[in-house]
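Student: Sequence below, structure please.
(one chain, ligands or ions: 1)
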Amino acid sequence: MFARSATLKALPRAGRSFATQAVRFAPRVAAAAAPTSSPLSRRKVSSSSTAAADNKEAPFAAVREDIQIPYPDETEYKPGELGHSTDGPDVDVGRHTRRTLASFSMTDKVCVVTGAGRGLGNLMARTFAESGSNAIAILDLDENLAKEAANDLVQWFEEHGQAKKGEIKCIGIGCDVANEESVKASFKQVVDTFGRVDSLVTAAGIVENFVATEYPGDRFRKLMAINVEGSFYCAREAAKDMMRRDAAGTIVLIGSMSGACVNIPQPQTPYNASKAAVRHMASSLAVEWAQKNIRVNCISPGYMATALTRVILDRDPELRDAWVNLTPMARLGEPEDLKGACIYLASDASAFTTGADIRVDGGYTLT
Ligand SMILES: NC(=O)c1ccc[n+]([C@@H]2O[C@H](COP(=O)([O-])OP(=O)(O)OC[C@H]3O[C@@H](n4cnc5c(N)ncnc54)[C@H](O)[C@@H]3O)[C@@H](O)[C@H]2O)c1
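Tutor: Model prediction:
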């Protein structure tokens, strides 16, 4: 971890503010120093903190166990907070008159997004509308949230002149992705409404805040049921519909950079394991279904500034600095940064891409 910090400080384009942040972060990292016999020192990872490295009493841990990420209660979100912007001066949403690559269009595609009541899934559902889809299903554990999100989506595009009245149909469905029967019933509802599924994005997922030694078994099982089994059940139902019609289709599983690296200062080990499973599930399903023309890919976001993370980081600016400092691009991702990867993988633009993992992490996993 110290090598990472030193490398970041040496980045030529990091800029003044980034260097300042790296200096501020240094003492925080130093406190996390592993003793000389730690796995890090055995791997000859150098430390800039001799004081901490000399501390023979330091705990045998490579992370800061005192760092607890205070996940806020959902009541703390602002009402109607989506976690991303759909309008505003810098966002060019909707119809375009300029030339653009037609293969990126989602016109005439039926798109399903899980966990789309809010957060990144909600952004992706809206991005499908923005990219031409007129048939979208929002699946979420919270049925009311799903229905509201579906109404809001249609209303936004109509009110902003980006769709005629009735042009976009978006349905909200209550679905527990961890429950096979619930997933089957939800996909049946989609097919009954729209006739088929062309594209699926699985954004339903949870993360919880326990150190490994205190992680309750039932919570681990719940996390795996949502993040791993949920992705599988949804991918399977979408693929079955595509196979039934002998039609091509796309599936995008939302992983995390934590499935490809161990994020510090506080890794969430069961979450990381679940996202590694999601990433490999995409590779495996990609091979299994390649000749059916069903492409399965993964997007692995880095630290994104969603509604949830904004509340956490507003409370803990030091943690914000830590996340920023560990990211070579020296910022958190905006949810909007995921739009391009989502549409690329869901559309014909990626016609020969399957089993890929696109990391949208500002370079975090490279260092
Ligand atoms: N936010 C980040 O920084 C970040 C980074 C990397 C990966 N991710 C991944 O992106 C995905 C979306 O994250 P987010 O930040 O938007 O989270 P979020 O908590 O804002 O949204 C997740 C949505 O999933 C729904 N959900 C939870 N359990 C469900 C279940 N059993 N069935 C159906 N829906 C369920 C929730 O109701 C919620 O609407 C997750 O898989 C997450 O692991 C997020």
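Student: okay, now the one residue in the stretch 1-150 of the chain that gets nearest to the ligand: neighbour count?
Tutor: Residue of the stretch 1-150 of the chain nearest the ligand, by CB to the nearest ligand atom: G119 (2.2 Å). (Glycine included, C-beta is placed from N, CA and C.) By other CB atoms under 10 Å, 23 other residues sit near G119.
Student: pretty sure it contacts T309?
Tutor: No. The criterion here is CB atoms under 8 Å, and G119 misses it with T309 at 9.7 Å.
Student: Need the residues that contact stretch 122-132.
Tutor: 82-84, 86, 93-94, 104-109, 111, 113, 116, 136, 138, 149, 153, 156-157, 162-163, 168, 170, 199, 201, 203, 335-336, 338-339, 342-343, 346-347 (CB atoms under 8 Å, 6 or more residues apart in numbering).
Student: ok, now which ones touch the residue of the stretch 151-300 of the chain found nearest the ligand?
Tutor: Closest residue of the stretch 151-300 of the chain to the ligand, CB to the nearest ligand atom: G205 (2.2 Å). Counting by CB under 8 Å, 6+ apart, G205 makes contact with 115, 226-227, 230, 254, 256, 274.
Student: which one among these gets closest to H280?
Tutor: Using CB to CB, S274 is the member of these that lies nearest H280, at 11.0 Å.
Student: Beyond the helix or strand that contains the closest one, next helix or strand please.
Tutor: For S274, the host element (DSSP states H and E) is helix 269-289. Past helix 269-289, further along toward the C-terminus, the next helix or strand under DSSP H and E is strand 294-301.
Student: Which strands or helices does the helix or strand following that next one pack on?
Tutor: As assigned by DSSP H and E, the chain's next helix or strand after strand 294-301 is helix 307-315. Here helix 307-315 touches helix 317-325, going by 3 or more CB pairs under 8 Å, 6 or more residues apart in numbering; DSSP states H and E.
Student: The helix it packs on: which residues count as buried?
Tutor: 319-325 (16 or more other CB atoms under 10 Å).
Student: Likewise for stretch 273-284?
Tutor: So stretch 273-284, judged by 16+ other CB under 10 Å, has buried residues 273-279, 281-283.
Student: average pLDDT across that stretch?
Tutor: Averaging pLDDT along stretch 273-284 yields 98.
Student: Run the chain-centre distance for that stretch.
Tutor: 13 Å (CA atoms, centre = their mean, to the nearest Å).
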